[in-house]
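Participant: Predicted structure and sequence below. I'll ask about it afterward.
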Amino acid sequence: MSVPDPFMTPDPQAVAESNLMDFARHAGMADADYAALYHWSVTDLEGFWATVWEYFDIDADTPYEQVLADERMPGARWFPGATLNYAHHALRNLADDAVAVIALDETGSCYEVTASHLRAQVASVAATLRELGVGKGDRVVGYLPNTPHAIVAFLAAASLGAVWSVCGQDYAPKAAADRFAQLEPTVLIAADGYLFNGTAHDRRDAALELAHALPTLKATLLVGHVGLPWPAQPYPSLVVPWEDAATRTEELTCTPVPFDHPLWVVFSSGTTGLPKGIVHGHGGVLLEHLKTLGLHSDLGTGERLLWYTTTHWMMWNLVVSTLLTGATTCTYDGSPAPLAKPDTLWELAARHRVTVFGTSPQYLLGMAKFGIDPSVHDLSSIRVVGCTGSTLPASAYPWVREHVGERVLLASISGGTDVVSGFAGSAPNTPVWAGELSAPHLGVALAAHDAEGFPVVDRVGELVVTRPMPSMPLYFWNDPDGTRYREAYFSVYPGVWRHGDWITVTGHGSVIVHGRSDSTLNRNGVRLGSADIHDVVERLPEIAEALVIGAEEPDGGYWMPLFVVLAAGAELDDTLRDRICEAIRSGASPRHVPDDILEVPGIPHTRTGKKLEVPVKRLLQGTPAGQVVNPATVDAPDLIDYYARLGAERRDRSA
């Protein structure tokens, strides 16, 4: 099979000057192309990751005994003996007067936080947390928008060896509590509200409700972000104003912790039951993010990254890690495309000379669909447009070239909350093929496996990783024997990580992602839990049962319908549709509101009562019913044909 012509080839001078080639020279592989570097990185894990450690000058308080003590998955042990701290590395690489964080919002206003000010705030909040009883291993949680407050709070917690978790304020208090209560946190940090589409959303009552749902709290830190006064109301624990916590004069000290000490808990989307808490460690995140941002994105001193994200998407965690490289990170509070000025992000990128601009496929497709032209702004500083969250169709590539920049690298990336990093994407020295990810990331032994567990090329298979990555989860929260962790990733192919994506590894080394093979909802790059929606909707007296699915469409779009079975005597009219949407908006978040609400005669289940979310999704996408599910295993087999017809009718209408 002939290799297709790439959409873009790397500029030789940019390649020669990149961090990646400097790293290759450091490794004694000055003449190696990406394929050679990648082969080395996955066949000699110890040599590769030891070189990453050396190249980025990891400052360990005690040295490691060996790189990889046990390669088995799950349970690989990286850099035993080493002690370090993520926060120390995040705060060490910027000169005092350099800009560490630029705080942006949809109104266009901004302020800058210098490295010296950031270190001072982190030291102050860390001292406050310590006085409130927070120590190594204790949990600190944030109910916060994407602002510098969240970065300061996270780094303060990490500096103490405490464990961090954060959730955006568009989540209802119950949805946030479903996550945080599992952690039994010591301190909650909450903002008064957030901005979105021209409105300052008041979350003061929501913060109080969340605090009452967390009985282990010793204190709540109250952040004044949108300027709403905090009323004098009884909180279940001590209340500390953010201004008091963050303005003390303190000396910053970072507690050394083992390489695999918990850094943060990020949550799965809760497809069934409560969201699963995924625990990552200080050292694994440090090395993986330095590799991803420093080598693949070529970030370093003088660079600036702006990536639209919420605090509960794993991209927020990666955005914070920009600081590890010595580059400046931008926070953004608001809609990615405010109605009043939908090109706001491009304008901000131009004004602040952003070099790496990150977004989602839906954002780029929306810009093209509504005729928005970013090139009216001076985007000459942008050298990379990163894109992740779902599959980026080939049609978006020419649009970026024409409207952002001819030599801009469009870096489509696929990764996951599970490893809080990327599996495949691009690098400064990889060609770009439209609709494809240029290559697996360094150190990621990625393959496509067929049903029997054999690797396949130029055929669709399951995305698997056959050798460990440092940022694979340490464990799931409240999973003492590791059963849920093993079932999540290692039950299909024992000893091999199965991620839940359909991919093709091409003969020319690129990766094509076809969508989720499980039932996780993934709208605009934010993974959502169907359980959050079902829980809210099925409380309404008119609804007997509900099922939500998210289906990737051939044109790059994403359809998220909600199917409802009505209670006797109920009618699905506009009034009920509005009530359902409002219940989801207030009980889960605005992002959970479906694209369509459709009445159906029933929801299919397994014989043990589990909703058939993945089979319904595949039926709607056009997979033949015989390849989706065995009717003998379904409680109402006639519903399989019903959903197959529904999918066919939708495709006929859109043809």
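Facilitator: Received it, and whenever you're ready, just let me know what you need. Residues are numbered from 1 along each chain as shown.

Participant: Okay, helices next: where are they in the stretch 501-650 of the chain?
Facilitator: In the stretch 501-650 of the chain, the segments counted as helices under DSSP state H, counting those that start in this stretch are 530-537, 574-587, 613-620, 638-654.

Participant: Let's test this: mean pLDDT of the third one, rounded?
Facilitator: Taken as a whole, helix 613-620 carries a mean pLDDT of 89.

Participant: Quick one: list the elements packing against that helix.
Facilitator: Other helices and strands packing on helix 613-620, by 3 or more CB pairs under 8 Å, 6 or more residues apart in numbering; DSSP states H and E, are helix 638-654. All C-beta spots, glycine's among them, are computed from the backbone N, C-alpha and C.

Participant: contacts for the helix it packs on?
Facilitator: Helix 638-654 has contacts (CB atoms under 8 Å, 6 or more residues apart in numbering) with 598, 600-604, 615-616, 619-622, 624-625, 628-629, 631, 634.

Participant: and the gap between His403 and His592?
Facilitator: 31 Å (CB to CB, to the nearest Å).

Participant: Mind checking which of those two has more residues around it?
Facilitator: Legend: neighbour count by other CB atoms under 10 Å for His403 and His592, higher for His592 (27 against 18).

Participant: and Glu131, how many neighbours?
Facilitator: Applying other CB under 10 Å, I find that Glu131 has 12 neighbouring residues.

Participant: residue contacts, it?
Facilitator: Here Glu131 is in contact with no residue (CB under 8 Å, 6+ apart).

Participant: so how many other residues sit close to Glu184?
Facilitator: By the criterion of other CB under 10 Å, Glu184 has 15 neighbours.

Participant: Verify the stated contact: it with Arg139.
Facilitator: Yes: between Glu184 and Arg139 there is a contact under CB atoms under 8 Å: 6.6 Å.

Participant: tell me, what's touching these two both at once?
Facilitator: Both Glu184 and Arg139 lack any common contact, where contact means CB under 8 Å, 6+ apart.

Participant: if I look at the residue nearest to Arg353 when sequence neighbours are not counted, how far off is Gly302?
Facilitator: Take Arg353 and drop its neighbours on the chain: the residue closest to it by CB to CB, 6 or more residues apart in numbering is Ser381, 4.2 Å away. Noted for Ser381: a distance of 11 Å to Gly302, by CB to CB.

Participant: which one of the two has more residues nearby?
Facilitator: Neighbours were counted for Ser381 and for Gly302 using other CB under 10 Å; Ser381 has more, 16 against 11.

Participant: OK, contacts around the more buried one?
Facilitator: Here Ser381 is in contact with 304, 349-350, 353-355 (CB under 8 Å, 6+ apart).

Participant: Over to Asp260?
Facilitator: Residues counted as contacts of Asp260 (CB under 8 Å, 6+ apart) are 77-78, 281-284, 474.

Participant: Narrow these to just the buried residues.
Facilitator: 78, 281-284, 474 (16 or more other CB atoms under 10 Å).

Participant: So which of the contacts of Asp260 belong to helices?
Facilitator: Per DSSP state H, helices hold the following members of the contacts of Asp260: 282-284.

Participant: any chance of these in a markdown table, with distance to Asp5 too?
Facilitator: Listed next are these as a markdown table, based on distance: CB to CB, whole Å:
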| residue | distance to Asp5 |
| --- | --- |
| His282 | 44 |
| Gly283 | 41 |
| Gly284 | 38 |
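
Participant: As CSV, the residues you listed with pLDDT and distance to Pro431 would be great.
Facilitator: Supplementary listing: the ones in helices among the contacts of Asp260 in CSV, determined by pLDDT from 0 to 100; distance: CB to CB, whole Å:
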residue, pLDDT, distance to Pro431
His282, 98, 35
Gly283, 98, 33
Gly284, 98, 30
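
Participant: on that earlier part again, and of the helices of the stretch 501-650 of the chain, who's closest to Thr43?
Facilitator: helix 613-620 (34.3 Å; CB to CB).

Participant: any idea which helix or strand carries Pro215?
Facilitator: Here Pro215 is covered by no helix or strand, with elements defined by DSSP states H and E.

Participant: any idea how far the residue nearest to it when sequence neighbours are not counted lies from Asp378?
Facilitator: Closest residue to Pro215 apart from its sequence neighbours, by CB to CB, 6+ apart: Pro236 at 7.4 Å. Pro236 sits 51 Å away from Asp378, going by CB to CB.

Participant: just Gly461 next, same as before
Facilitator: If you measure Gly461 against Asp378 using CB to CB, the figure is 44 Å.

Participant: Just the buried ones among the contacts of Ser381, please.
Facilitator: Burial by neighbour count, judged by 16+ other CB under 10 Å, picks out 304, 349-350, 354-355 from the contacts of Ser381.

Participant: okay if I get those residues as TSV plus pLDDT?
Facilitator: Formatted as TSV, the buried ones among the contacts of Ser381 follow (pLDDT from 0 to 100):
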residue	pLDDT
Arg304	98
Ala349	98
Ala350	98
Val354	98
Thr355	98
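
Participant: which ones among the contacts of helix 638-654 are found in strands?
Facilitator: Leu598 (DSSP state E).

Participant: and Asp244, what does it touch?
Facilitator: So Asp244 contacts Thr128 (CB under 8 Å, 6+ apart).

Participant: and the end-to-end length of stretch 161-172?
Facilitator: One end of stretch 161-172 sits 28 Å from the other (CA to CA, to the nearest Å).

Participant: What is the distance between that stretch and the centre of its chain?
Facilitator: Centre-to-centre, stretch 161-172 and its host chain are 13 Å apart (CA atoms, centre = their mean, to the nearest Å).

Participant: likewise stretch 218-233?
Facilitator: Centroid displacement of stretch 218-233 relative to its chain, using CA atoms, centre = their mean, is 27 Å.

Participant: ditto for stretch 565-580
Facilitator: The chain centre lies 34 Å from the centre of stretch 565-580; the measure is CA atoms, centre = their mean.

Participant: try stretch 180-192
Facilitator: Distance of stretch 180-192 from the chain centroid (CA atoms, centre = their mean) equals 20 Å.

Participant: still on that earlier bit, quick one: the residue nearest to Pro215 and Thr216 touch, right?
Facilitator: No: Pro236 is beyond contact range of Thr216, at 10.1 Å (criterion: CB under 8 Å).

Participant: what residue is smack in the middle of the protein?
Facilitator: The chain has Met314 as the residue nearest its centroid, 2.5 Å off, counting by CA atoms, centre = their mean.

Participant: Read off the pLDDT value for that residue.
Facilitator: pLDDT at Met314 comes out at 92.

Participant: list the contacts for the residue nearest to it when sequence neighbours are not counted?
Facilitator: In space, and not counting its chain neighbours, Met314 is closest to Thr417: 4.3 Å by CB to CB, 6+ apart. Thr417 sits next to 266-268, 278, 313-314, 527 when contact means CB under 8 Å, 6+ apart.

Participant: ok, now with 7 Å
Facilitator: By CB atoms under 7 Å, 6 or more residues apart in numbering, Thr417 lies in contact with 266, 268, 278, 314, 527.

Participant: show me where the stretch 301-450 of the chain has helices.
Facilitator: Secondary structure of the stretch 301-450 of the chain by DSSP H, counting those that start in this stretch: the helices cover 314-320, 344-351, 361-369, 396-403.

Participant: Deepest-packed of the ones you listed, please.
Facilitator: helix 314-320 (a mean of 24; mean count of other CB atoms under 10 Å).

Participant: tell me the phi and psi of the residue lying closest to Ser380 once chain neighbours are set aside?
Facilitator: In space, and not counting its chain neighbours, Ser380 is closest to Gly405: 7.2 Å by CB to CB, 6+ apart. As for Gly405, its main-chain torsions (degrees, to the nearest 10) stand at phi 170, psi 140.

Participant: Before we move on, what's the pLDDT of Gly405?
Facilitator: Note on Gly405: pLDDT of 95.
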